[in-house]
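Engineer: Just the structure for this:
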Amino acid sequence: MPRGLRSLTTPVKQAWVQPGNEPRVIRGITYLLLAFGLAAVFSASTVQSLNTYGNAWTIFLKQLIFAVLGVFLMRVADRVPLLTLRRLAPASVAVVLVLLMAVLVIGATINGQKNWIPLGPVTMQPSEFAKLAFVIFAAERAATLSQRTRDPLRIGAPILMVACLMMALVVLEKDMGNVLVMAGILLAILFTIGYPARRLGALALGGLVIVALALKFGSQYRLARILNWLNPYADPQGLGWQWIHGNYAMAVGGFLGQGPGASKEKWGALPEAHTDFILAVIGEEYGFVGTCITIGLLLAVLILLIRVALRLGDDPFRQVIMVGVAAWLFMQSAFNIGAVVGLLPIVGVTLPLVSYGGSSLLPLLVALGIVIRCLREPQQGEVRA
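Structural biologist: Residues are numbered from 1 along each chain as shown. Now for the predicted structure:
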């Protein structure tokens, strides 16, 4: 590498490699994704906002409030001592379980899913907060029980029990997307604590059987969506409409895109343009380059979390936090991106930190604040400036 280029890349390399800089890098990437997401949400939502509220700015302003509140909560979480967080873990699970059960009684049904609690001008989706509560609970149990036993089955028993209870309630709400995300988080955490491979394989197989039975005997609409994924052009005016128009948006974007705000698919053709399919609008307006930058930033956070987790083998609480949040980011990103490009069925999950929605944005920002706290708070016997 030429000396001049090496001198330019050295600061970037040092910021990426040096452990002390990881909190700043994660925080910086988070802010970049939030800013880009706000721009994308504004562009993708103007038409629907105008039709729904008579104002092109309303949906964007809601997302802006969510983002500002989320950053504030992230900074608060960054200042909560890990011991306090561990003490709050059981209460957080209890609150989430109550909310998940409340949804079944007083919840609102949106797009065939009864998983929303109306709160005046906004709605709350408890299944999104369940992921945060579960990761904290799993980390606390792993840290506490690992001091008493080295048996991963005993350590994993309460983690598995709480996860199954949460997922059962979410299944009753017909929210298969978040069930799949939570299942991925569970398997990643169990693998981290040393759960036997055969047991993990059996759990994964059992989960697939349950999903298959839910599709077979549950909502026929959901099964039809899965079958339509195999051939979306079989019903181009119905179930295949969203994927076809999302794919078209990505295609016409080309390499550099049509330009900011220039999406045509957002003018009523593409359903959920500012939520589940916001990546299609990004692809249309910013092209292959913008799409790769978005995915690359998410991938950078994921790599950082995994790298940190690998060196935290002697600290189960922090390690499980890192793995849980990494699995959360990976599963949700994979299902969203996979659905937009046609590699996976549409399961209704948002693109982390980018799509519209306070219920998905706020708990993830709190989780990233906890990650930063884990990186900044000194471990036992360690002194940090």
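Engineer: Can you report phi and psi for residue 122?
Structural biologist: Per-residue torsions, residue 122: phi -130, psi 170 (degrees, to the nearest 10).
Engineer: for it, what are its contacts?
Structural biologist: Contact analysis of residue 122 by CB atoms under 8 Å, 6 or more residues apart in numbering lists 62, 358. For every residue, glycine as well, the C-beta is placed using N, CA and C.
Engineer: redo that, cut-off 7 Å
Structural biologist: Contacts of residue 122 were listed using CB atoms under 7 Å, 6 or more residues apart in numbering, and they are residue 358.
Engineer: Report the separation between it and residue 39.
Structural biologist: 21 Å (CB to CB, to the nearest Å).
Engineer: Also residue 142?
Structural biologist: 39 Å.
Engineer: now do residue 299
Structural biologist: Taken as CB to CB, the span from residue 299 to residue 39 is 20 Å.
Engineer: So for the two, which sits in the more crowded spot?
Structural biologist: residue 39 (17 against 14; other CB atoms under 10 Å).
Engineer: Could you check the pLDDT of the more buried one?
Structural biologist: Listed pLDDT for residue 39 reads 95.
Engineer: burial of the nearest residue to it once chain neighbours are set aside, as a residue count?
Structural biologist: Leaving out its chain neighbours, the residue that sits closest to residue 39 by CB to CB, 6 or more residues apart in numbering is residue 260, at 7.1 Å. Look at residue 260: counted by other CB under 10 Å, it has 13 neighbours.
Engineer: Run a quick check on residue 260 versus residue 282, I expect a contact.
Structural biologist: No: with contact defined as CB atoms under 7 Å, residue 260 and residue 282 do not form a contacting pair (10.2 Å).
Engineer: So the residue nearest to residue 39 versus residue 352, what's the distance?
Structural biologist: Residue 260 sits 22 Å away from residue 352, taking CB to CB as the criterion.
Engineer: Over to residue 124?
Structural biologist: For residue 124, the distance to residue 352 - CB to CB - is 18 Å.
Engineer: Compare these two (neighbour count), which wins?
Structural biologist: residue 352 (24 against 17).
Engineer: In this structure that one contacts residue 334, no?
Structural biologist: No: contact criterion CB under 7 Å: residue 352 and residue 334 do not qualify, at 10.5 Å.
Engineer: separation between residue 322 and residue 77?
Structural biologist: Residue 322 sits 15 Å away from residue 77, going by CB to CB.
Engineer: With neighbour numbers in mind, choose between the two.
Structural biologist: residue 322 (27 against 19).
Engineer: quick one: contacts for that one?
Structural biologist: Per CB under 7 Å, 6+ apart, neighbours of residue 322: 305, 308, 309, 312, 371, 374.
Engineer: Please report phi then psi for it.
Structural biologist: Note on residue 322: backbone dihedrals following degrees, to the nearest 10 are phi -60, psi -50.
Engineer: Quick check: chain neighbours aside, which residue is closest to it?
Structural biologist: Distance criterion CB to CB, 6+ apart; nearest residue to residue 322, sequence neighbours excluded, is residue 309 at 3.8 Å.
Engineer: how near is the one you found to residue 366?
Structural biologist: On the measure of CB to CB, residue 309 and residue 366 end up 19 Å apart.
Engineer: Return the distance of stretch 39-48 from the chain's centre.
Structural biologist: 20 Å (CA atoms, centre = their mean, to the nearest Å).
Engineer: no, scratch that, I was asking about stretch 224-240
Structural biologist: On CA atoms, centre = their mean, the centre of stretch 224-240 falls 26 Å from the chain's centre.
Engineer: What of stretch 84-97?
Structural biologist: Taking mean C-alpha positions (CA atoms, centre = their mean), stretch 84-97 and its chain are 20 Å apart.
Engineer: Contacts for that stretch next, please.
Structural biologist: With contacts defined as CB under 7 Å, 6+ apart, stretch 84-97 is touched by 126, 129, 130, 133, 136, 137, 140, 143, 162, 165, 317, 370.
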